[in-house]
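Visitor: please find the sequence and the predicted model below.
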Amino acid sequence: MYDQLQSVEDRYEELGELLSDPEVITDTKRFMELSKEESNSRETVAVYRRYKEVISGISETEELLSEKLEDEMQEMAKEELNDLKAEKDELEEQMKILLLPSDPNDDKNIIMEIRGAAGGDEAALFAGSLFEMYQSFATAQGWKFEVMDANITDIGGYKEVTIMITGNKVFSKLKYESGAHRVQRVPSTESQGRVHTSTATVVVLPEAEEVELDLADKDIRVDIYHASGAGGQHVNKTASAVRLTHLPTGIAVAMQDERSQLKNREKAMKILRARVYDQLKQENQSEYDASRKSAVGTGDRSERIRTYNYPQNRVTDHRIGLTIQKLDQILSGKLDEIIDALVIYDQTAQLEKLNG
C-alpha cells in the first residue's frame, strides 16, 4: 500500500510541474486531463503526507519517552503518543478507501431523467414528488438545478422530466439513485382511503464533455419542426423544435422547450452526448459495470431500489437493507443519511473484495 501511495505522491508532484509547462497549458485537452488527474489525487496525497508526519511524530515521542522525564512531561508525552497512534489507525483506514478504484465519473455533472412508470396518474404525481426531493437536495448542496425538458400531466406531476444538475461531484452523490422507486400511499383521488402502490424510474447519466466524446456531424441526423402544445404564437409560426438522432446507436433526443432553435439544439446535444456516452460505457466497460452491480446495483435501472411508505413514514433502501422512519424529511431533500450509507456500503464491499 505504501509503495502505491508514494507513487501517487510522486505523480502528483510531476503533475504540478506539467501543469505549469507552457506547451501543456496551450493544449486544452491534455491540460484538462492532467488537471482532473491532479485534482483526483489531491486528497490522497494530503492524507499520505499527514500519515508520514504522524509516523515521524510517533517515533520522536517514543524516543522522548525513553529518556528520563519529569512525571508531568511523561504523562503529556504518553497522551500525545496515544493520540498519534489513534490518528495513525484512522489515516490507514482512510488511505485504504482512497486507494480503491475510483469511478471516473464521480466529479461530473449529471443529467437526470425521472419518469412515471406503473400506476398511471399516481405514478406521474410520485415522479413529481421525486423531482421536488432532488431539487431540494440539489439546492442544499449549492448545485444548479435546471429543467431541460418536461412532460407535465393534466393533474400535475410528470410523465417524464429531464434535469441538468451541475456542481461539485454531483455524480458521486447521485449515481446510486438510478433504478425503480416505489411509493405506497393513498392517492388524492382515492375515496375509500386504500393504499396504492405505484412506481417511477430514475436514470442518472454523467455529463459527457465534448473532449471526451466527439460526436461526428455525419453521425447525427437533425430534424427541425414546429413545436406542438401550449406556447403562444411562436408555436405556429416558428420551426424551433429540434430532434437529434445518433445514427450508429439509434439514440434520439427531441427538444422544443425554448423559443430558439439554437438553444433547443444545444440542450438536445447535451442530453444526446450523455446518453451515447452512457451506452458506450455500458458496452465497453463490462468489468466496471459488473463491479458496480456487485456493490449496490447501480448498473441495472429496472431494479427496484427503494420504497417510500407514506402511512408508516418509512423509507427502505432494498439494496443495503436500510430502513429509516423519516419519510417526510427524505422527501424534503434530506438525503444525506441514505447517500452516506450507500457510499459506505459500496466502499466496504470493495474493501472486502480486495482483501478476500
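Guide: Looks like it arrived, so ask away. Numbering: from 1, shown residues only.
Visitor: Lys144 against Thr166, yeah?
Guide: Yes: if you go by Cβ atoms under 8 Å, Lys144 and Thr166 touch, sitting 4.6 Å apart. In this view, the C-beta of every residue, glycine as well, is placed from N, C-alpha and C.
Visitor: now do the phi/psi pair for Phe145.
Guide: Phi and psi for Phe145, reported as degrees, to the nearest 10, are phi -120, psi 110.
Visitor: quick one: residues contacting the nearest residue to it once chain neighbours are set aside.
Guide: Leaving out its chain neighbours, the residue that sits closest to Phe145 by Cβ to Cβ, 6 or more residues apart in numbering is Ala138, at 4.3 Å. Contacts for Ala138 (Cβ atoms under 8 Å, 6 or more residues apart in numbering) come out as 144-145, 165, 167, 333.
Visitor: now the residues you listed: which count as buried?
Guide: For those, a neighbour count by 16 or more other Cβ atoms under 10 Å gives the buried set as 145, 165, 333.
Visitor: may I see the contacts of Ala138 arranged in JSON lines, with secondary structure and pLDDT as well?
Guide: Formatted as JSON lines, these follow (DSSP: H, G, I helix; E, B strand; the rest coil; pLDDT from 0 to 100):
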{"residue": "Lys144", "secondary structure": "strand", "pLDDT": "94"}
{"residue": "Phe145", "secondary structure": "strand", "pLDDT": "94"}
{"residue": "Ile165", "secondary structure": "strand", "pLDDT": "94"}
{"residue": "Gly167", "secondary structure": "coil", "pLDDT": "93"}
{"residue": "Gly333", "secondary structure": "coil", "pLDDT": "93"}
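Visitor: ok, of these, which one's closest to Leu351?
Guide: Among these, Gly167 lies closest to Leu351 (Cβ to Cβ), at 28.0 Å.
Visitor: distance of that closest one relative to Ala216?
Guide: Noted for Gly167: a distance of 30 Å to Ala216, by Cβ to Cβ, to the nearest Å.
Visitor: then Arg314?
Guide: Noted for Arg314: a distance of 50 Å to Ala216, by Cβ to Cβ.
Visitor: tell me which of the two has more neighbours.
Guide: Under the neighbour definition other Cβ atoms under 10 Å, Arg314 and Ala216 were set side by side, and Arg314 has more, 16 against 9.
Visitor: need phi/psi at that one.
Guide: Dihedral angles (degrees, to the nearest 10) for Arg314: phi -130, psi 140.
Visitor: can you pull out the helices in the stretch 1-150 of the chain?
Guide: 2-18, 22-26, 28-65, 71-98, 120-141 (DSSP state H, counting those that start in this stretch).
Visitor: need the helix or strand of this structure with the lowest average pLDDT.
Guide: One helix or strand of the chain scores below all others by mean pLDDT, DSSP states H and E: helix 233-237, with a mean of 44.
Visitor: next helix or strand past it?
Guide: Remark: after helix 233-237, the chain's next helix or strand is strand 241-246, criterion DSSP states H and E.
Visitor: and that following strand, which strands flank it?
Guide: strand 220-225 (antiparallel), strand 251-255 (antiparallel) (DSSP bridges).
Visitor: centroid-nearest residue for this protein?
Guide: Residue closest to the average C-alpha location in the chain (Cα atoms, centre = their mean): Phe171, at 1.9 Å.
Visitor: my guess is it contacts Glu177, does it?
Guide: No: with contact defined as Cβ under 8 Å, Phe171 does not reach Glu177; the gap is 10.3 Å.
Visitor: common neighbours of these two, please.
Guide: Val204.
Visitor: quick check, Lys334 in a strand?
Guide: No: counting by DSSP: H, G, I helix; E, B strand; the rest coil, Lys334 falls outside a strand, being coil.
Visitor: my guess is it meets Lys326, correct?
Guide: Yes: in this structure Lys334 lies within contact range of Lys326 using Cβ under 8 Å: 7.5 Å.
Visitor: count the residues that sit near Leu247.
Guide: Leu247: 12 neighbours (other Cβ under 10 Å).
Visitor: hmm, I typed the wrong one, I wanted Leu174.
Guide: Quick note: Leu174 (other Cβ under 10 Å) scores 22 neighbours.
Visitor: mean pLDDT and distance to Glu63 added to the strands paired with strand 241-246, as CSV?
Guide: Output for the strands paired with strand 241-246, formatted as CSV (pLDDT from 0 to 100; distance: least, Cβ to Cβ, whole Å):
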stretch, mean pLDDT, distance to Glu63
strand 220-225, 84, 68
strand 251-255, 85, 65
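Visitor: any chance of those strands in TSV, plus mean neighbour count and distance to Arg49?
Guide: Converted to TSV, the strands paired with strand 241-246 look like this (neighbours: other Cβ atoms under 10 Å; distance: least, Cβ to Cβ, whole Å):
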stretch	mean neighbour count	distance to Arg49
strand 220-225	12	47
strand 251-255	19	45
